[in-house]
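Trainee: fold the following, please.
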Amino acid sequence: MTDSSSNATVTSLPLLTAQAERLIELGVHELAGIPADELRAFAEGADNGGSDSLLAVHPDRAPASALAPLLRHEGKPGFVVVDMPDVDRFAPDTVELPDAPLYVVTGLDRGDRMANWSPEEALPALTEEDRTPLLLTEGIHWVLQQPAILERNRCFMTIGSRLRKANGALDARTPAIWISNGTGRDGRERRNAPKVGWCWWGNRHTWLGFASATGRRH
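Mentor: As a prediction, the model looks like this:
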């Protein structure tokens, strides 16, 4: 494992007003049932001129299954792996979201310093640093606004989203976003496409960091 105290991934996101226009261009406001004017007004009121704030739609309004196909990498649309038909059941577990359809995520970090850590190792380290793991939908929003953040061999997990089973136990899968190699059930035609998939809670991957933030606000 690498040193968890190393510097956060440098990010430079568009202003929230520009992010709102991007979501409108993609039709996310329609998916979420939010009027375009309401989305623009929220972004205007929430924008503080910073470059590390992400505009997010509550996952209850715009689930991962609806957002993933909007992703693009080398002209190819995003997809959810076939063995994750329950992707939208992965929900905030230890993460508290603002009680609102729109909110802002601050201080994003791709978590490269935690590459080759397992989710089981990363979560307590993030908690100790007073950081919060991103949800899957927040990770998708990030890539929609800043496509270059998704790089081959520099992708990330979104362990703020977990699936709790009927017996109360957590499912051992944890969501991630990476770039498909076009192998197996992905299909050759999906090589280099953005991919929403999962990894085991106890497994390490050299090419996956752990996306996190400093907080969320309405």
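Trainee: alpha carbons only for contacts and neighbour counts from here, please
Mentor: Noted.
Trainee: how close does the residue positioned nearest the centre of the chain sit to Glu189?
Mentor: With distances taken as C-alpha atoms, centre = their mean, Gly139 lies nearest the centre of the chain, 1.1 Å away. Look at Gly139 and Glu189: by C-alpha to C-alpha, to the nearest Å, they are 24 Å apart.
Trainee: do the same with Leu97
Mentor: Taken as C-alpha to C-alpha, the span from Leu97 to Glu189 is 37 Å.
Trainee: who has more neighbours out of the two?
Mentor: A direct count of neighbours by other C-alpha atoms under 10 Å for Leu97 and Glu189 places Leu97 higher, at 18 against 12.
Trainee: contact partners for the residue lying closest to the more buried one once chain neighbours are set aside?
Mentor: For Leu97, ignoring the flanking residues on the chain, the nearest one in space by C-alpha to C-alpha, 6 or more residues apart in numbering is Arg216 at 7.1 Å. Applying C-alpha atoms under 8 Å, 6 or more residues apart in numbering to Arg216 gives the contacts Leu97, Pro98, Tyr103, Val104, Val105, Thr106.
Trainee: quick check: the last one touching Leu54?
Mentor: Going back to what we said before, that points to Thr106. Yes: in this structure Thr106 lies within contact range of Leu54 using C-alpha atoms under 8 Å: 6.4 Å.
Trainee: which one's more surrounded, those two?
Mentor: Remark: of Thr106 and Leu54, Leu54 carries more neighbours, 28 against 18, as counted by other C-alpha under 10 Å.
Trainee: surely that one touches Leu16?
Mentor: Yes: counting by C-alpha under 8 Å, Leu54 touches Leu16, with 6.9 Å between them.
Trainee: show me how far stretch 81-92 is from its chain's centre.
Mentor: 13 Å (C-alpha atoms, centre = their mean, to the nearest Å).
Trainee: I should have written stretch 205-214 there, sorry.
Mentor: The answer for stretch 205-214 is 10 Å, by C-alpha atoms, centre = their mean.
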